[in-house]
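A.B. asks: got a predicted model here, sequence first, then my questions.
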Amino acid sequence: MSIETGVGRITMTEKVLHKIVAGAVVDTEGVALGTGDSADLSERLRAAGKSGRILLKVLEDGVDVELRIDVRFGERIQEVCRELRSNVETSVEKLAGMPVVAVSIIVEGLVGARMDRF
């Protein structure tokens, strides 16, 4: 992926975009990452970027992001997804300088102590 700056070109790999999106996932309250609360940042980023959970399509007019997440039981799913979408858009646009065309979020499960009873 390349961006023309007027004085040159900046090229980023998809791996860089992937890490930016993973960072936005980590920063979103209510998304269950499969790590303990005491996990360090690198462990949380690794969990957020698990294979197949973040899919990116770089298009001519921007980035299309698809996320597959688990939400902590008791959190309002719609609010978690709204915050996650905003965090992803802000992070990609601010850090990579690319517009975000779409952020699709698929909630695959609920995680938490109360869910263990069902």
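C.D. replies: All right, it came through fine.
A.B. asks: just the strands in the protein please.
C.D. replies: 2-4, 9-11, 31-32, 54-59, 62-72, 100-111 (DSSP state E).
A.B. asks: and the ones you listed, which one is worst for confidence?
C.D. replies: Mean pLDDT is lowest for strand 2-4 among the strands of the chain, at a mean of 68.
A.B. asks: please name the bridge partners of the closest residue to Ile77 other than its chain neighbours.
C.D. replies: Nearest residue to Ile77, sequence neighbours excluded (C-beta to C-beta, 6 or more residues apart in numbering): Val71, at 5.4 Å. The way it works is simple: take the backbone N, C-alpha and C, and place the C-beta from them, glycine included. On the basis of DSSP bridges, Val71 is bridged to Val31, Leu110.
A.B. asks: contacts only, for Val71.
C.D. replies: 30-32, 77, 80, 107, 109-111 (C-beta atoms under 8 Å, 6 or more residues apart in numbering).
A.B. asks: can I get the longest helix seen in the chain in CSV, CA atoms only?
C.D. replies: Scanning the chain for the longest helix, with DSSP state H as the assignment, gives helix 77-91. In CSV, the C-alpha atoms belonging to helix 77-91 read as follows (Å, rounded to 0.1, in the frame of the first residue of the first chain):
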residue,chain,number,x,y,z
ILE,A,77,-22.7,-5.3,22.3
GLN,A,78,-23.9,-2.4,20.2
GLU,A,79,-21.8,0.1,22.3
VAL,A,80,-18.7,-2.0,22.2
CYS,A,81,-19.0,-2.3,18.4
ARG,A,82,-19.7,1.4,18.0
GLU,A,83,-16.6,2.2,20.0
LEU,A,84,-14.5,-0.4,18.2
ARG,A,85,-15.5,1.0,14.8
SER,A,86,-14.6,4.5,15.9
ASN,A,87,-11.2,3.4,17.3
VAL,A,88,-10.3,1.5,14.1
GLU,A,89,-11.3,4.4,11.8
THR,A,90,-9.4,6.9,14.0
SER,A,91,-6.3,4.8,14.3
